[in-house]
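> Show me the folded form of this:
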Amino acid sequence: MKRTEVNDIIEASDAFIRSFGYILPPFAYWSPDELKARVGSDSAMIRDHALGWDITDYGQGKFADLGLFLFTVRNGSAANVKSGMGMLYAEKIMISRQNQISPMHRHNLKTEDIINKGGATLVLELFKAAPDGSIDETARVRVRTDGSWREQAPGAHLALAPGESVTLEPDCWHAFWGEDGDVLIGEVSNVNDDRTDNIFRDPIGRFSAIEEDTAPKHLLVSDYDNWLR
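Residues are numbered from 1 along each chain as shown. Below is the predicted model of the structure:
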């Protein structure tokens with residue numbers, strides 16, 4: 001992706017989020033220089049816990065068709081998990097554009113609630129994981145939607161209207177997209193590590209390669225290793 005496209009997506013996404021009355025935290029609007037200065041003094045957690053802007057085309061170069069906007073608002077650490085204390089949770093706000101697919105994947109550790117916060121219908125394609133972790137194309141899928149069990153055929157589509165949610169355990173393969181419009185999505189989960197805990201069905205990457213054709217408006221979490229270390 002070109003940096004100009006990333007900057008444009010940040011601006012459009014921020015406006016979409018604000019249209020629902022959701023305001024991102026102050027650090028979302030720090031310049032790269034301010035973020036660099038702050039993580040060197042009082043705000044290292046932003047870098048170390050990968051908080052902030054996250055825009056991905058999964059390395060495929062077609063964001064409108066295969067991509068996702070995310071902003072990680074809070075996230076614990078592996079040290080928290082090991083001790084069983086402290087911040088054991090994570091929260092993201094995401095945008096799935098109309099017919100923009102977030103590709104089929106699962107997690108080894110993360111259980112997550114995916115919540116339609118507003119906009120259009122959020123559609124998920126779901127499969128159960130086989131004992132070896134691969135997709136089981138024969139097993140029925142049983143998930144909780146807002147506390148109630150729902151069962152469906154493998155690969156069937158689960159449609160969530162605004163206000164509805166689904167709980168996805170690590171053994172649930174899932175892909176999702178917005179249907180008939182764009183969707184604002186909330187994600188609440190246990191501690192999240194996007195570098196190691198995303199298992200994709202197809203051989204794709206989690207983060208985008210950025211072509212620096214202009215200066216960044218704000219840094220992405222995938223920029224931190226190069227810009228903030």
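> from here on, contacts and neighbour counts on C-alpha atoms
Will do.
> quick check, Ser41 in a helix?
No. Counting by DSSP: H, G, I helix; E, B strand; the rest coil, one finds Ser41 to be coil, located in no helix.
> Can you give me the pLDDT of it?
Per-residue confidence for Ser41 comes out at a pLDDT of 96.
> Please apply the same query to the one 4 residues further on.
Among the per-residue scores, Met45 holds a pLDDT of 97.
> what helix or strand does it sit in?
The secondary structure element spanning Met45 is helix 44-48 (assigned by DSSP states H and E).
> Let me see the ranges of the strands in this protein.
The residue ranges that make up the strands of the chain, judged by DSSP state E, are 52-56, 68-75, 89-96, 102-106, 112-129, 135-136, 141-145, 148-152, 157-160, 165-168, 172-190, 199-200.
> what's the third one packed up against?
This points to strand 89-96. Counting contacts by 3 or more CA pairs under 8 Å, 6 or more residues apart in numbering; DSSP states H and E, strand 89-96 packs against strand 68-75, strand 172-190.
> Mind listing what's buried along the longest one?
Read it as strand 172-190. 172-179, 182-190 (16 or more other CA atoms under 10 Å).
> packing partners for it?
By contact count (3+ CA pairs under 8 Å, 6+ apart), the secondary structure elements abutting strand 172-190 are strand 89-96, strand 102-106, strand 112-129.
> Kindly export it (C-alpha atoms) in CSV.
C-alpha atoms of strand 172-190 as CSV (Å, rounded to 0.1, in the frame of the first residue of the first chain):
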residue,chain,number,x,y,z
CYS,A,172,-13.7,-21.3,15.1
TRP,A,173,-12.4,-20.4,11.7
HIS,A,174,-14.0,-17.2,10.4
ALA,A,175,-14.1,-14.7,7.6
PHE,A,176,-16.3,-11.6,7.5
TRP,A,177,-17.4,-8.6,5.5
GLY,A,178,-20.0,-5.8,5.4
GLU,A,179,-23.2,-6.6,3.5
ASP,A,180,-25.2,-3.7,1.8
GLY,A,181,-22.9,-1.1,3.4
ASP,A,182,-20.0,-0.4,5.8
VAL,A,183,-20.0,-1.7,9.4
LEU,A,184,-18.4,-0.4,12.6
ILE,A,185,-17.2,-3.4,14.6
GLY,A,186,-16.1,-3.7,18.2
GLU,A,187,-13.8,-6.5,19.3
VAL,A,188,-13.4,-7.5,22.9
SER,A,189,-10.9,-10.3,23.7
ASN,A,190,-8.3,-11.7,25.9
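> Give me the longest helix you can find in the chain.
If you go by DSSP state H, the chain has its longest helix at helix 3-18.
> List the contacts of the residue most central in space within the chain.
In the chain, the centroid-proximal residue (CA atoms, centre = their mean) is Leu70; its distance is 4.7 Å. Residues in contact with Leu70 (CA atoms under 8 Å, 6 or more residues apart in numbering) are Trp53, Asp54, Ile55, Lys92, Ile93, Met94, Ile95.
> Now do the first one, the pLDDT please.
It refers to Trp53. As predicted, Trp53 sits at a pLDDT of 98.
> was I right about it contacting Asp223?
No. Judged on CA atoms under 8 Å, Trp53 makes no contact with Asp223 at a distance of 9.7 Å.
> how close does Asp171 get to Ala129?
Asp171 sits at a distance of 5 Å from Ala129 (criterion: CA to CA, to the nearest Å).
> Are there residues contacting both of the two? Which ones?
The overlap between the contact sets of Asp171 and Ala129 (CA under 8 Å, 6+ apart) is empty.
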